[in-house]
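Asker: predicted model and sequence follow; I will ask about them next.
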Amino acid sequence: MDWLTHLIWYDGKFLGVDWSIWKVIGWLGNVVFASRFFVQWYATEKLKRVVVPAGFWWLSLAGSLLLLSYALFYRGDSVFIFAYAFTWIPYIRNLIIHHRHAAAHLDCLACGNSCAPHSNFCCSCGAKLAPSEKAAV
Ligand SMILES: [Zn+2]
């Protein structure tokens, strides 16, 4: 079991990493950024079609900002900084588009189902949708 002790804690390092607050921020950024793939995978498996939920873009934004902070304030590495300097732009744009699309959905008064924008009939119960049924988000 000595090998296991050395693997976990050795020479003052946990898992071989010399921890500092910036290492925590960098690893947290990695975990948050990587977790977006599991969120997208779960959403796709749940609906049995390829979907990208808003949570994917929120995790992308949070993870990339943590990694950008790590790159800027700890590493000072221009390659690493450039890799995350502009990724927030499409993440925020996709969140805006996602919000606008969700706000444009129509609520069916007959069954309460949320229907795709510009739908004429409810995809759940078939009732005719009126423009006044537009959801207020
Ligand atoms: Zn309906």
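Answerer: The structure has been received and is ready for your questions. Residues are numbered from 1 along each chain as shown.

Asker: what's the spacing between the closest residue to residue 123 other than its chain neighbours and the ion?
Answerer: Distances taken as C-beta to C-beta, 6 or more residues apart in numbering place residue 115 nearest to residue 123, at 5.7 Å, with adjacent residues excluded. No exception for glycine: its C-beta is placed from N, CA and C like everyone else's. Computed as C-beta to the ion, to the nearest Å, the residue 115 to the ion distance reads 7 Å.

Asker: any idea of the pLDDT on residue 115?
Answerer: On pLDDT, residue 115 comes in at 92.

Asker: and it, what does it touch?
Answerer: Residues in contact with residue 115 (C-beta atoms under 8 Å, 6 or more residues apart in numbering) are 105, 106, 107, 108, 122, 123, 124, 129.

Asker: drop anything exposed from those.
Answerer: Neighbour-count burial (16 or more other C-beta atoms under 10 Å) applied to the contacts of residue 115 gives 105, 106, 107, 108, 122, 129.

Asker: related to what we said a few turns ago, what are the bridge partners for the residue nearest to residue 123, then?
Answerer: residue 106 (DSSP bridges).

Asker: tell me the spacing between it and residue 97.
Answerer: 19 Å (C-beta to C-beta, to the nearest Å).

Asker: just residue 118 next, same as before
Answerer: According to C-beta to C-beta, residue 118 and residue 97 sit 16 Å apart.

Asker: give me the neighbour count for residue 48.
Answerer: Residues lying near residue 48 (other C-beta atoms under 10 Å) number 7.

Asker: and what of residue 43?
Answerer: Taking other C-beta under 10 Å as the criterion, the count of residues near residue 43 is 17.
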